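[1] Could you look at this predicted model? Sequence included:
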Amino acid sequence: MLKTKNKKILSAVLAAAVLCGSAAVFTGCQNGSSDTSRTQNDNSTESSNTEESSNDTESKEYSETVSDEDSTESSENEHTYVEYGTANIGDSGTCGENVTWELRENGELVISGSGNMYDYSEGSLYTGDNIKTVIIEKGVSSIGNNAFHGFADMTSITIPDSVTSIGENAFYNCQGLTSINIPDSVTSIGNMAFYSCNKMKEAHISNSLTEIGDFIFDSCEELTSINIPDGVTSIGSSAFSACKKLKNITIPDNVTTIGTGAFNFCDGLTSINIPDSVTSIGDIAFASCDGLTNITIPDSVTSIGEMAFSDCKGLTSVTIPDSVTTIGDGTFKLCEKLKSITIPPSVTSFGSDVFDQCPLINIKCKSGSAAEKYAKENNIPFVAE
């Protein structure tokens, strides 16, 4: 029941995010040409406008947004676009102002040139068939949004130290990718960059990162280890959600916020140490971490979100620090083995169903505190000190 509810909450968050389809960077690239304008369907009528071959921005939208009322491409400007699912060995094209691609033998895709790759939007059902390995050569400075989205057969990628940024959804649903090494030159990684890379077992993240974005490694079910660089200050919503085999993770001392659902459904986690730098723990941050038996909440934490530790079936004891003033709705709901919780006088507000379906719970608190009153009102055993 709770996991269904948690998934509904995550779905709401996902709906607010830019959830892309399986677009790939090369679906908008013309074979052997630098013109990347998108043509309309065969029913297009002659247009009074033509699309300029050079765009003022580097973002090349792969979408059919021009309506019949607006004009479509005239016949002399129509082109054929290559998707790698149907490309042949030796085919090539452009995927940046000064960046090109070439499909070589044995499914080897080589990206070369200088500067940024294009960004691409959602919309294609392309799956990256026949692409086994990707080599990005030195000189390329960015990996665009949706660049390798849905390359299900890709098993490895080489990223050079000239790359400084990786776009949103760049490796979304790359189900054959088992590991990734992101060089220290990379200073930013977009949201959902490695979403649902469900065979990825290990990832080395650039030490230059300052934040872990939303949904970056969400649903990487085989991920067992990952480093979070010392310079990171925030861990985004669902950043490691459903990384079921993630056993050990160290949160560095500079992190101040742990986002909504950041580690929920991480069944392999048995313990976690939250550093003194953290001030807020988001809603369902550690919900449904079935293996979690021990957690340390430091005095720096002032806010614990709703259902933050709900459905942690292995959790047996918790101490709430003096810095916390409110315990939200369902924070420890369905923690079936939770026997002891120490609640300081600083906590003056309790949400609903905080300890719902916690049959073994016993509250330790100060005599006359709000916690004692709460325990009495909810028929929860308590020990007043």
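    Perfect, I can see it now.
[2] I'd like to know how many residues surround the spatially closest residue to residue 243 that is not a sequence neighbour.
    Distance criterion Cβ to Cβ, 6 or more residues apart in numbering; nearest residue to residue 243, sequence neighbours excluded, is residue 223 at 4.7 Å. Bear in mind the C-beta positions are built from the backbone N, C-alpha and C, glycine included. Residues near residue 223, counting by other Cβ atoms under 10 Å, number 27.
[3] In this structure residue 223 contacts residue 217, no?
    Yes. Residue 223 lies in contact with residue 217 (Cβ atoms under 8 Å); the separation is 6.2 Å.
[4] which residues do those two both contact?
    200, 203, 240, 243 (Cβ atoms under 8 Å, 6 or more residues apart in numbering).
[5] Is the last one in contact with residue 225, as I believe?
    No. Taking contact to mean Cβ under 8 Å, the distance of 10.2 Å between residue 243 and residue 225 leaves them out of contact.
[6] Show me which of these two is the more surrounded one.
    residue 243 (27 against 13).
[7] Need the per-residue pLDDT for the more buried one.
    With respect to pLDDT, residue 243 scores 97.
[8] Flag the helix or strand of this structure with the lowest per-element mean pLDDT.
    For the chain, using mean pLDDT, DSSP states H and E, the weakest element among its helices and strands is helix 2-16, scoring a mean of 40.
[9] Point out the other helices and strands that whichever helix or strand comes after it packs with.
    Sequence-wise, the next helix or strand downstream of helix 2-16 (DSSP states H and E) is strand 92-96. Strand 92-96 sits against strand 99-104, with contacts defined as 3 or more Cβ pairs under 8 Å, 6 or more residues apart in numbering; DSSP states H and E.
[10] Could you rerun that using 10 Å?
    For strand 92-96, the packing partners by 3 or more Cβ pairs under 10 Å, 6 or more residues apart in numbering; DSSP states H and E come out as strand 99-104, strand 108-113, strand 115-116, strand 140-143.
[11] if I pick residue 294, what's in contact with it?
    270-273, 314-318 (Cβ atoms under 10 Å, 6 or more residues apart in numbering).
[12] switch to 6 Å and redo it
    residue 271 (Cβ atoms under 6 Å, 6 or more residues apart in numbering).
[13] Let the chain start at 250 from now.
    All right, first residue 250 from here; so that's residue 543.
[14] separation between it and residue 560?
    16 Å (Cβ to Cβ, to the nearest Å).
[15] chain center to stretch 463-476, what's the gap?
    From the chain centre to the centre of stretch 463-476 is a distance of 8 Å (Cα atoms, centre = their mean, to the nearest Å).
[16] Check stretch 488-505 too.
    That offset, for stretch 488-505, works out to 12 Å (Cα atoms, centre = their mean).
[17] For the closest residue to residue 346 other than its chain neighbours, grab the count of nearby residues.
    Of all residues not flanking residue 346 in the chain, residue 364 sits nearest, at 5.8 Å (Cβ to Cβ, 6+ apart). Residues near residue 364, counting by other Cβ under 10 Å, number 14.
[18] bridging residues for residue 590?
    Counting by DSSP bridges, residue 590 forms beta bridges with residue 567, residue 612.
[19] Tell me, what's the model's pLDDT at it?
    pLDDT, residue 590: 96.
[20] now do residue 521
    The predicted local confidence for residue 521 is 88.
[21] who touches it in this structure?
    Residue 521 neighbours (Cβ under 6 Å, 6+ apart): residue 544.
[22] which regions of the stretch 450-599 of the chain sit below the pLDDT cut-off?
    Under the criterion pLDDT under 70, no range of the stretch 450-599 of the chain is flagged.
[23] all strands for it, in order.
    451-453, 460-461, 474-475, 483-484, 506-507, 520-522, 529-530, 543-545, 552-553, 566-568, 575-576, 589-591, 598-599 (DSSP state E, counting those that start in this stretch).
[24] Using TSV, please lay out those strands together with distance to residue 381.
    Shown next, in TSV, are the strands of the stretch 450-599 of the chain (distance: least, Cβ to Cβ, whole Å):
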stretch	distance to residue 381
strand 451-453	20
strand 460-461	29
strand 474-475	24
strand 483-484	33
strand 506-507	37
strand 520-522	37
strand 529-530	41
strand 543-545	42
strand 552-553	46
strand 566-568	48
strand 575-576	51
strand 589-591	52
strand 598-599	55
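[25] nearest to residue 536, of those?
    strand 529-530 (11.0 Å; Cβ to Cβ).
[26] What pairs with the closest one, parallel or antiparallel?
    Per DSSP bridges, strand 529-530 is paired in its sheet with strand 506-507 (parallel), strand 552-553 (parallel).
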